[in-house]
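J.: the following comprises the amino acid sequence and a computationally predicted model.
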Amino acid sequence: MPVAQDWAENYRRNNGPAALLSSTTVYDTAQPAGLVADHNRLRRVFHETLTEQRHSGGKRRAPYMKGDPAQSATDDLAWDAAAALMYGSNQGLVPHGPVRDVLVEAILGRLAEDAGRNSSEGETQEDIALSDLSGGTVKLLTWYLRHRPGDSANLLGAICLKARVRLGLAPAQVGSLLRRSFHLDSGLDGQTIDTLLDMALAPSASGYRKH
């Protein structure tokens, strides 16, 4: 059943990362892990502001809110703020599209340096040793995937495809580099990294693990 197998593989690549990199909100709904983390940080900040003692004119005044009403208002205010950061009316207050483009080009630039240096030494493309991605690049890539997990397969696929077209690097080389770099600097646990990349990378890019 090749057609069914292809469909199942595509479904897993496109939908698996979103499920893997999701968390449960205080509203008991599943959302991208990065969005939930933003929400929880903002909840703490807003709750402290709403419930702390106020001082005005040298006098102590009661907090704006207390108890359950304060927590409920905090949750809702923090969710509106976190959602605006993520989505907004123009890719959110954080422009995820341009961040994605810059990430891809930064990684390709690093790969191009390795390819150029090694080719000048007479090595074939298959023998090129790819150096680890910078820690900052990996952390930003992880941040993006935790906020946009549904884009994991497209983003990693674009990196592998452009590396092959522009630099002649095999997808397996690039996939191995991504896996190694994630294990070094992403902050995710090893099982999550391997599961994510096994799902998001094309078979040609995930043929072996080396980290």
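T.: Cool, got the structure. Because the structure is a prediction, the values reported are computed rather than measured.

J.: give the buried residues for stretch 99-117.
T.: For stretch 99-117, the neighbour count (16 or more other CB atoms under 10 Å) marks 99-100, 103-104, 106-108, 110-111, 114-115 as buried. Just so you know, the C-beta spots here come from the backbone N, C-alpha and C atoms, and that holds for glycine as well.

J.: so for it, mean pLDDT?
T.: Averaging pLDDT along stretch 99-117 gives 93.

J.: mind checking how far it is from the chain centre?
T.: Relative to the centre of its chain, stretch 99-117 is centred 17 Å away, using CA atoms, centre = their mean, to the nearest Å.

J.: need the contact partners of it.
T.: 125, 128-131, 133-134, 137, 140-141, 144, 148, 151, 155, 158-159, 162-163, 166-169, 174, 177 (CB atoms under 8 Å, 6 or more residues apart in numbering).

J.: part of a strand, is Gln31?
T.: Yes - Gln31: assigned to a strand according to DSSP: H, G, I helix; E, B strand; the rest coil.

J.: what's the separation between it and Glu113?
T.: 37 Å (CB to CB, to the nearest Å).

J.: and this structure, what are its domain boundaries?
T.: For the chain, automatic domain parsing gives the domain ranges 21-86, 96-205.

J.: by mean pLDDT, show me the worst of the ones you listed.
T.: domain 21-86 (a mean of 88).

J.: what's around Thr192, how many residues?
T.: 14 (other CB atoms under 10 Å).

J.: whoops, Ala129 was the one
T.: 10.

J.: in terms of helices and strands, where is it?
T.: Ala129 belongs to no helix or strand when assigned by DSSP states H and E.

J.: okay, Asn90: pLDDT?
T.: 58.

J.: for Asp189, grab phi and psi.
T.: Dihedral pair for Asp189: phi -70, psi 160, per degrees, to the nearest 10.

J.: elements contacting the helix or strand hosting Ala83?
T.: Element membership for Ala83, per DSSP H and E: helix 67-86. When contacts are defined as 3 or more CB pairs under 8 Å, 6 or more residues apart in numbering; DSSP states H and E, helix 67-86 packs onto helix 33-51.

J.: list the buried ones in the helix it packs on?
T.: So for helix 33-51, counting by 16+ other CB under 10 Å, buried means 33-39, 42-43, 46-47, 50.
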